[in-house]
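Enquirer: Give me a model of this one.
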Amino acid sequence: MRSVSKDIHNNNNKKELEDYRKSIIQTINPTTERVIKEYDIMNNDQIEDSIKQSRNAFSEWKKSIDKRSEFLYTFAKELRKNKEKLAKTATEEMGKAIKESRSEVEKCAWVIEYYADNGKIFSTSEVVNTDARKSTISFEPIGVIGSIMPWNFPYWQGIRFAAPSLMVGNTIVLKPASATMQCGIEIENTFHKAGVPEGVFQTLIGDSTIAETLIDSKGVNAITFTGSVPIGAKVAQRATSQLKKTVLELGGSDPFIVCNDADIEKATTGAVKGRFINCGQSCIASKRFIVDKSIANQFTEGFVQKAEKLRVDDPFLEDTDIGPVVNAESLEHVDRIVKTSIKKGAELLTGGERVKDKGYFYRPTILKNISPKMEIAQEEVFGPVAPIIVTNDEKEAIKVANDSKFGLGASIWTQDLEKAEKLSAIVESGIVTVNNMVVSDPRVPFGGVKKSGFGRELSKYGMMEFVNIKSIRLYDQLIYNHHVE
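Expert: Below is the predicted model of the structure:
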């Protein structure tokens, strides 16, 4: 840990102390509320040096997809070899249960291997039939990608974007969240251990103030961002004003639609997993439980019973299901929105309180008598809180589900798969899952509509976001009958 100089501690000059605090970031353990580590924030010159390294590395990295594939396979092996250390770092920094941290590292290895396996197929040039002797469409890397990522899945968020981008030949400069700075550093360290050339993947150390330098740098060709709507809008405005391609994933308020013929046992199990994974701090967590009135009591009873069995405790304990939320601000926000909802007429069924005197722990909470217009049903709540909205029929359920500024994911619970297909077609979201919770998967596109952002990650389509799709046509002779450009 960086030591604070005695001169500053003994000096009454407030400005000097303030300047010192602006030059560092601290990571706080949400379980103990103690400072884990302090980091010096990079200055603009250091950031530009990192970007220049990535630019230099790009010229060689883009040449051989077979070499890139081998490097990614080695990186996946290093992830698995260092899984325990990486998992402990994530749990210490942002508080997720250790079993979930291990799963996150495993999923990162999976996505890396998926693109090492399939990247060459996805990016192979296509031959098309035109009036030319030969016409092809090639997919070429565009250069250095700036990545601004959040804390809730500190490895997965960065690596699910990095895997396709690196495989197609781009290089990456990552700005991780301040809360999980060491996780971001460990990603770069793991690339080094895998022998990946210097500059191909780099992590910047700093808070939100360094994001503008990253976006503005002439050496950065495109930006990908995951986070809140207001910040995402600013990132997009700044990047696109410089004509830089942008992909945004801005979270959601995913509906969990329970039809009158749903399997209640499966639906309640899915509800607990879908809402309380990662302490409810997931963009694609189920956040609005829209339940048909004919089975509302049965569903609610089962949901509450299962939620109350979850163990809220030290996230390093193997049988802990829910650790703390990430910080004090998040804890206060969750508590405020629960209390506000109750004042507006919601009924508290379970939870609704802090669990411990130390740490940012909050009991899994379920509320009913929720109006679709309440804040809890309109805004994204990043914490272990589940609001239940009762509807008269499926038509009303879809109307409530679509009455949101978000459109990331949705889940539908019914035993009638023909009906499920019809409902899936009219839900306004980028992802629909039937009879299961929404999860990201390397094999299918990930992203949303409306204020959940634009662009896609994962699958072939995620790889295509950051390439130059180049058309090449070879003619034997000049064509004279073209009258329009």
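Enquirer: In the chain, where is pLDDT below threshold?
Expert: 1-13, 15-21, 480, 482 (pLDDT under 70).
Enquirer: Break it down into its structural domains.
Expert: Domain segmentation of the chain under automatic domain parsing yields 14-19+21-250+455-470, 254-434.
Enquirer: what residue is smack in the middle of the protein?
Expert: Against the mean C-alpha coordinate of the chain, by Cα atoms, centre = their mean, the closest residue is Gln157 at 4.5 Å.
Enquirer: contacting residues around that one?
Expert: Applying Cβ atoms under 8 Å, 6 or more residues apart in numbering to Gln157 gives the contacts 149-150, 226. Yep, even glycine has a C-beta here, placed from its N, CA and C like the rest.
Enquirer: same question, Ile337
Expert: Contact partners of Ile337, counting by Cβ under 8 Å, 6+ apart, are 375-376, 379, 381, 385.
Enquirer: rerun that using 10 Å as the cut-off
Expert: For Ile337, the contacting residues are 365, 367, 374-376, 379, 381, 383, 385, 387, by Cβ atoms under 10 Å, 6 or more residues apart in numbering.
Enquirer: picking that back up, separation between the closest residue to the residue nearest to the centre of the chain other than its chain neighbours and Ile479?
Expert: Using Cβ to Cβ, 6 or more residues apart in numbering and skipping the chain neighbours, the partner closest in space to Gln157 is Met149 (4.5 Å). Distance from Met149 to Ile479, counting by Cβ to Cβ, to the nearest Å: 48 Å.
Enquirer: The two - which one has more neighbours?
Expert: Legend: neighbour count by other Cβ atoms under 10 Å for Met149 and Ile479, higher for Met149 (28 against 9).
Enquirer: From the contact counts, what lies against the helix or strand containing Phe191?
Expert: Using DSSP states H and E, Phe191 falls within helix 181-193. Here helix 181-193 is seen to pack against strand 24-28, strand 35-40, helix 65-81, helix 83-94, helix 98-122, helix 156-168, strand 171-175, strand 201-203 when contacts are counted using 3 or more Cβ pairs under 10 Å, 6 or more residues apart in numbering; DSSP states H and E.
Enquirer: Give the next helix or strand downstream of the fifth one.
Expert: Past helix 98-122, heading to the C-terminal end, the next element that is a helix or strand (DSSP H and E) is strand 126-128.
Enquirer: Quickly run through the sheet partners of the following helix or strand past that following strand, with directions.
Expert: Next helix or strand after strand 126-128 toward the C-terminus (DSSP H and E): strand 134-141. Using DSSP bridges, the strands paired with strand 134-141 are strand 126-128 (antiparallel), strand 467-474 (antiparallel).
Enquirer: hey, C-alpha coordinates of strand 134-141 in PDB?
Expert: The C-alpha coordinates for strand 134-141 follow below in PDB (Å, rounded to 0.1, in the frame of the first residue of the first chain):
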ATOM      1  CA  LYS A 134     -14.300 -11.700 -58.400                       C
ATOM      2  CA  SER A 135     -15.900 -10.000 -55.400                       C
ATOM      3  CA  THR A 136     -15.000 -10.600 -51.700                       C
ATOM      4  CA  ILE A 137     -15.900  -9.100 -48.400                       C
ATOM      5  CA  SER A 138     -13.100  -9.100 -45.900                       C
ATOM      6  CA  PHE A 139     -13.100  -8.400 -42.100                       C
ATOM      7  CA  GLU A 140     -10.100  -6.400 -41.000                       C
ATOM      8  CA  PRO A 141      -9.200  -5.200 -37.500                       C
END
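Enquirer: Could you pull out the buried residues of it?
Expert: By neighbour count with 16 or more other Cβ atoms under 10 Å, strand 134-141 contains the buried residues 135, 139, 141.
Enquirer: follow-up on the earlier one: need the winner for burial among the strands paired with strand 134-141.
Expert: Looking across the strands paired with strand 134-141 with neighbours counted as mean count of other Cβ atoms under 10 Å, the highest average goes to strand 467-474: a mean of 12.
Enquirer: so where do the helices sit in the stretch 251-400 of the chain?
Expert: 264-276, 296-307, 328-343, 375-378, 394-402 (DSSP state H, counting those that start in this stretch).
Enquirer: orientation of the third one relative to strand 24-28 in degrees?
Expert: Spelled out, that is helix 328-343. 60 degrees (axes from the mean of the first three to the mean of the last three Cα atoms, to 10 degrees).
Enquirer: circling back: can you list the contacts of Ile337 in CSV and add distance to Ile398 and neighbour count?
Expert: Shown next, in CSV, are those (distance: Cβ to Cβ, whole Å; neighbours: other Cβ atoms under 10 Å):
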residue, distance to Ile398, neighbour count
Thr365, 26, 26
Leu367, 22, 25
Met374, 19, 19
Glu375, 22, 13
Ile376, 20, 22
Glu379, 20, 16
Val381, 22, 25
Gly383, 26, 22
Val385, 23, 24
Pro387, 18, 27
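Enquirer: if we take those residues, which one ends up nearest to Asn468?
Expert: Closest approach to Asn468 among those (Cβ to Cβ): Glu379, at 38.2 Å.
Enquirer: What are the phi and psi values at that closest one?
Expert: Torsion angles at Glu379 (phi, psi; degrees, to the nearest 10) stand at phi -100, psi 160.
Enquirer: In contact with it, which residues are there?
Expert: Going by Cβ under 10 Å, 6+ apart, Glu379 touches 229, 253, 287, 333, 337, 404-406.
Enquirer: quick one: which of these is most hemmed in?
Expert: For those, neighbours were counted using other Cβ under 10 Å, and Lys287 has the most, 29 neighbours in all.
Enquirer: Double-check that residue against Val385; I have them as touching.
Expert: Yes - using Cβ atoms under 10 Å, Lys287 makes contact with Val385 at a distance of 8.5 Å.
Enquirer: any shared contact partners between these two?
Expert: With Cβ under 10 Å, 6+ apart, Lys287 and Val385 have common neighbours 275, 280, 376.
Enquirer: Just the closest of those to Val35, please.
Expert: When the shared contacts of Lys287 and Val385 are compared for distance to Val35 (Cβ to Cβ), Gly280 wins out at 25.2 Å.
Enquirer: and that closest one, what does it touch?
Expert: Neighbour list for Gly280: 152, 274, 286-287, 322, 325, 334, 362, 364-365, 381-386 [criterion: Cβ under 10 Å, 6+ apart].
Enquirer: Kindly report the same for Gly184.
Expert: 93, 147, 149, 151, 154-155, 157-158, 174-178, 202-205.
Enquirer: Can you give me the buried ones in stretch 49-57?
Expert: Buried, per 16+ other Cβ under 10 Å, within stretch 49-57: 50-51, 53-57.
Enquirer: Take these and lay them out in TSV including secondary structure and distance to Ser103.
Expert: Shown next, in TSV, are the buried residues of stretch 49-57 (DSSP: H, G, I helix; E, B strand; the rest coil; distance: Cβ to Cβ, whole Å):
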residue	secondary structure	distance to Ser103
Ser50	helix	31
Ile51	helix	33
Gln53	helix	32
Ser54	helix	30
Arg55	helix	35
Asn56	helix	36
Ala57	helix	31
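Enquirer: Reformat the residues you listed as a markdown table; add distance to Ser69.
Expert: Below are the buried residues of stretch 49-57 laid out as a markdown table (distance: Cβ to Cβ, whole Å):
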| residue | distance to Ser69 |
| --- | --- |
| Ser50 | 25 |
| Ile51 | 25 |
| Gln53 | 22 |
| Ser54 | 20 |
| Arg55 | 23 |
| Asn56 | 22 |
| Ala57 | 17 |
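Enquirer: picking that back up, and the shared contacts of Lys287 and Val385, which is closest to Trp61?
Expert: The nearest member of these to Trp61, counting by Cβ to Cβ, is Gly280 at 38.4 Å.
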